[in-house]
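Enquirer: Just need the structure, nothing else, for what follows:
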Amino acid sequence: MNNENKDEVLWQMARKRASFKKHLSSYLMTNIMLWVIWLLTGRGYSFHNDIPWPAWATVFWGIAVISDYFNTYHFNKADAVEKEYQKLKQNQNL
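Expert: Residues are numbered from 1 along each chain as shown. Next up is the predicted model:
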């Protein structure tokens, strides 16, 4: 694809989405591996034998994945900048 014909905003969104998909894939594969290790090695627990040790990675990394998802698909910085610009422009005309 010719770089001159690309819409820069769409290109950045596509790169961000591809990056998120890599992040999600890494999260899933790593956590599956951690849980399988936990199952195969005697099911060790932590924190007073209540919580399986892979749960810590799953939960805290999961929070980062959720944050990444919302930043990628729901919080468009270009729209936020455009809205702020329009608001400033409108206030200046008053």
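Enquirer: drop to CA atoms for contacts and neighbour counts, all remaining ones
Expert: Noted.
Enquirer: Would you mind listing the buried residues in the longest helix along the chain?
Expert: Using DSSP state H to define each element, the chain has its longest helix at helix 8-40. By neighbour count on 16 or more other CA atoms under 10 Å, the buried set for helix 8-40 is Lys16, Arg17, Phe20, Leu24, Tyr27, Asn31, Leu34, Trp35, Trp38.
Enquirer: Over to stretch 53-65?
Expert: Applying a neighbour-count criterion of 16+ other CA under 10 Å, one finds Trp53, Pro54, Thr58, Gly62, Val65 buried in stretch 53-65.
Enquirer: coming back round to it: ok, of the buried residues of helix 8-40, which one's closest to Lys6?
Expert: Lys16 (15.2 Å; CA to CA).
Enquirer: need the contact list for that closest one.
Expert: Neighbouring residues of Lys16 by CA atoms under 8 Å, 6 or more residues apart in numbering: Thr72.
Enquirer: Give me the pLDDT for it.
Expert: Predicted confidence (pLDDT) for Lys16: 92.
Enquirer: on that earlier part again, got the buried residues of stretch 53-65 as CSV, with distance to Tyr45, pLDDT and secondary structure columns?
Expert: Output for the buried residues of stretch 53-65, formatted as CSV (distance: CA to CA, whole Å; pLDDT from 0 to 100; DSSP: H, G, I helix; E, B strand; the rest coil):
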residue, distance to Tyr45, pLDDT, secondary structure
Trp53, 6, 88, coil
Pro54, 9, 92, helix
Thr58, 14, 97, helix
Gly62, 20, 97, helix
Val65, 24, 97, helix
